[in-house]
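Trainee: Structure for the following, please:
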Amino acid sequence: MTDVALDYELNKSDAFQVNPNQHNRAGYITNLRGFGLAAPLVFKADIKCYCGFNQSAPTYPNITMIQQGSQTSLAIVQVVAILEKFSWGGGTHMPLHFEMLMSQENAKMLKDSQQATLTTTRVDEFGWWIFDYDQEKKCWFEQSYPLSKPTFRGHCVPRDNPVLDVNLQGESVVEGTDQLMYKVIMDIGPGMDDLYGIFHANSVMSKQNKPWGGSVGTWAAASFS
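Mentor: As a prediction, the model looks like this:
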């Protein structure tokens, strides 16, 4: 079976400040914890913003909606980061590629850990949520999120030189404003401790459960190191 790659560019402006005249794909990082053995870094969900998704309550349980959207009001979400890009080669052991914008506090915490030499590339918990607009049905739909569990775990890869870049030069999320966020890029591969399923949809009616990960014996799951 041929691996079907996913490659999504996401609109950072619409993820943070909704334009009612546009229907662009957007998404968020909902959970992120890891990069330490004794005391993993816990990234705060310190971004609060309006969200264009105005359908019924999302199926994905880990998107924190302070206010649910409707036909007359916008949803309000609280998240760790805004997604700019999500890609995946489609293979069960291929890494998930994330490009995100987060607060200065979260970005600096990760950068400080990098400069002090990361004790582990392990990611104990991560989750994401992407939504898009179905032009035929004229409504929003959930496009991608962790399906088998609310959050996955894995490692930044490759282990010897992980793709993990933190840029502490802020960039504007919405053109013409001084609201700065900080770009983080990472590739996360499965930890070989579990089998996962990734939800994927191209439209309201087209839905798939795509496999990711693997399990080798019982020690990998027990130690996850």
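Trainee: hey, let's count contacts and neighbours off CA atoms from now on
Mentor: Fine.
Trainee: Where is the longest strand in this protein?
Mentor: strand 122-134 (DSSP state E).
Trainee: After that strand, which helix or strand is next? Please name it.
Mentor: Per DSSP states H and E, the first helix or strand lying C-terminal to strand 122-134 is strand 139-146.
Trainee: List the buried residues of that next one.
Mentor: Across strand 139-146, burial judged by 16 or more other Cα atoms under 10 Å covers W140, F141, E142, Q143, S144, Y145, P146.
Trainee: Tabulate these in TSV, adding columns for pLDDT and distance to I66.
Mentor: Below are the buried residues of strand 139-146 laid out as TSV (pLDDT from 0 to 100; distance: Cα to Cα, whole Å):
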residue	pLDDT	distance to I66
W140	93	18
F141	95	19
E142	97	18
Q143	97	21
S144	98	21
Y145	98	19
P146	98	21
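Trainee: could you redo these as TSV and give each row distance to I188?
Mentor: Shown next, in TSV, are the buried residues of strand 139-146 (distance: Cα to Cα, whole Å):
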residue	distance to I188
W140	28
F141	25
E142	22
Q143	19
S144	16
Y145	14
P146	13
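Trainee: From those residues, pick the one nearest N19.
Mentor: Each of the buried residues of strand 139-146 was checked against N19 using Cα to Cα; the closest is W140, at 14.1 Å.
Trainee: who does W88 bridge with?
Mentor: Here W88 sits in beta bridges with L6, L96, as judged by DSSP bridges.
Trainee: burial count for it?
Mentor: Applying other Cα atoms under 10 Å, we find 19 residues neighbouring W88.
Trainee: And Q179, by the same measure?
Mentor: Neighbourhood size, Q179 [other Cα under 10 Å]: 11.
Trainee: contacting residues around the closest residue to it other than its chain neighbours?
Mentor: The shortest distance from Q179 to any non-neighbouring residue, by Cα to Cα, 6 or more residues apart in numbering, is to S172 (5.6 Å). By Cα atoms under 8 Å, 6 or more residues apart in numbering, the residues touching S172 are D178, Q179, L180, M181.
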